[in-house]
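In: Give the three-dimensional model of this entry:
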Amino acid sequence: LVVDAGPVAGSPSFNVGYVSVTVCTPGTSGPTAACQTIDHVMLDTGSYGLRILNSQISSSLNLPVATNVSGHVVGECGAFTVGTTWGSVRLADVYLGGEIAPSIPLQDIGDSPAGYSGIPTDCTSTGTIQDTQATFGANGTLGIGNFVNDCDACLTTIVPATYYDCTSSGCANSTVTASQMVKNQI
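Out: Numbers count the residues shown, from 1 in each chain. The predicted model follows:
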C-alpha cells in the first residue's frame, strides 16, 4: 500500500491509497506464466471487485472474456459517486499479498465488449464515463467492501445500467451468473 500523488502528472490525488495487483492469464503458472503487475490501483473500501484500465493491460496477457450461456460477451457498467466505468468482463488469476484468486472476473475498463464500440445510453446516463488514467485518476480500482458480489440482484433480475449481453451489434441489459460477476477477491 502506498499513499502518494497518484499516476497522473500535474493532477495530484490526496489521501488515496494505491496497491499493486498482479494479473495473470488464467491457468498459467511458474516460468511460463503470462503475468503483469499493475501499480497505482486505487484501494476502495466502498465498492467491490477489481477494475483495471484497458490501457494498462498488456495485450500479451490475452485475458479471456467472460461469456454468458448464449456465448455472448458480458459487459459491465459500474457507477461510482464520481463517475462511471464501462467495459468487458474478463477472467484472470489475480495475486494479492502472496495469495491467488484463480480465474476471477474483473472489469476491463474502456474495452469494447464483443467489439461493440458504443456505450449503452442507460450506462452513460449514470455519470461521466471514466476510461482513461486522466479521468479515472488511477490505473484501476480494487473494491474491498463488505459484500462478495457487486450486484447480487443481477443474479436473478435485470438491473439497468449494470450487466449486459454484448454482440458486435450492441449490448442489452442482462442477468449474470456468479462466475461472470465482478466480485470482491479479498
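In: what residue lies at the spatial centre of this structure?
Out: Nearest to the mean C-alpha position of the chain, counting by CA atoms, centre = their mean, stands Q107 at 2.0 Å.
In: so what strands line up beside the strand or helix carrying that residue?
Out: Per DSSP states H and E: Q107 is located in strand 99-109. If you go by DSSP bridges, strand 99-109 pairs up with strand 48-53 (parallel), strand 83-96 (antiparallel).
In: rewinding a little: do I have it right that the residue nearest to the centre of the chain meets Y48?
Out: No. In this structure, Q107 is not within contact of Y48 by CB atoms under 8 Å, at 10.6 Å. From N, CA and C alone the C-beta is placed, and that goes for glycine too.
In: Please enumerate the shared neighbours of these two.
Out: Counting by CB atoms under 8 Å, 6 or more residues apart in numbering, the shared contacts of Q107 and Y48 are V182.
In: now the one helix or strand in the chain whose mean pLDDT sits lowest: how far from the chain's centre is it?
Out: Every helix and strand of the chain was ranked by mean pLDDT, DSSP states H and E. The lowest is strand 2-3, at a mean of 83. In this view, strand 2-3 has its centroid 21 Å away from the chain centroid, taken as CA atoms, centre = their mean, to the nearest Å.
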